[in-house]
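Q: A structural model of the following input is requested.
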Amino acid sequence: MPISMPVSAHWLVRFGAALLLGAAASGCADTAHRVVGAVTPYKVEVVQGNFISREQVAALQPGMGRQQVREILGTPLLASVFHADRWEYVFTLKRPGVEVQSRRLTVFFRDNVLERVEGDEMPSEAEFVASLASKASRRAVPVLEATEAQLARHPTQPDTAPPLEAEPPAPPPPTSYPPLESAPR
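A: Take a look at the predicted model:
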């Protein structure tokens, strides 16, 4: 025979169960944040374009040919058919935990000779290398060898297995081979 509850008591049991379930779930949320914070995925460093240094820009002189400019700066990232008189050099470096570095340089030509250069202030090579080194994470490198005391704590067990018998050598392969082509008919 089923036990009947008044409607208000039935509602109170459901409400209490929902409240208990919500409290349990909120307690798990803090643990989940700690686990997610401890396990971080590897984020790749993205480098796009050519790095152009202040020294390279200083080497450019009006009147240089396209090939000379290409030898100094490298291949442009963008050389448009619609704007054949200019080359775009864009450099972008995205590293995890570091602000994105982005620099642009536009080289203008007239009659296939360098007319002018416009763009962002470029760092010197030394400044760029220093900015890369200062942002690198400095984690402690673990020691990869054991000391004599550590080795003494874990003695090796003598090998008690009987030595394996050597298998007799395999017979040599046949030295006579069938012809590759059949005899003429």
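Q: which ones are touching residue 12?
A: Residues near residue 12 by C-beta atoms under 8 Å, 6 or more residues apart in numbering: none. C-betas here are computed from N, CA, C, even on glycine.
Q: Check whether it sits in a helix, strand or coil.
A: The three-state assignment at residue 12 reads helix, by DSSP: H, G, I helix; E, B strand; the rest coil.
Q: What is the least confident helix or strand in this structure?
A: Scoring the helices and strands of the chain by mean pLDDT, DSSP states H and E places helix 7-38 at the bottom, with a mean of 71.
Q: So what are the sheet partners of the helix or strand just after it and their directions?
A: Using DSSP states H and E, the helix or strand that follows helix 7-38 in sequence is strand 46-48. As defined by DSSP bridges, the strand partners of strand 46-48 come to strand 86-94 (antiparallel).
Q: Give the next helix or strand downstream of the strand it pairs with.
A: strand 101-110.
Q: tell me the average confidence for stretch 65-80?
A: The average pLDDT for stretch 65-80 rounds to 91.
Q: Now do it: distance to the chain's middle.
A: Centroid separation for stretch 65-80 versus its chain: 28 Å, with C-alpha atoms, centre = their mean, to the nearest Å.
Q: contact partners of it?
A: 48-50, 52, 56, 59-60, 86-90, 105, 107, 109, 112-114.
Q: Do you know the pLDDT at the spatially most central residue of the chain?
A: Centroid check for the chain by C-alpha atoms, centre = their mean gives residue 44 as the closest residue, at 2.3 Å. We have a pLDDT of 83 for residue 44.
Q: just the one 4 residues further on next, same as before
A: For residue 48, the pLDDT comes out at 87.
Q: repeat for residue 133
A: The predicted local confidence for residue 133 is 69.
Q: I'd like to know which of the contacts of stretch 65-80 are buried.
A: Neighbour counting with 16 or more other C-beta atoms under 10 Å marks 49-50, 52, 56, 60, 86-90, 105, 107, 109, 114 as buried within the contacts of stretch 65-80.
Q: between those, which is nearest residue 175?
A: residue 50 (59.4 Å; C-beta to C-beta).
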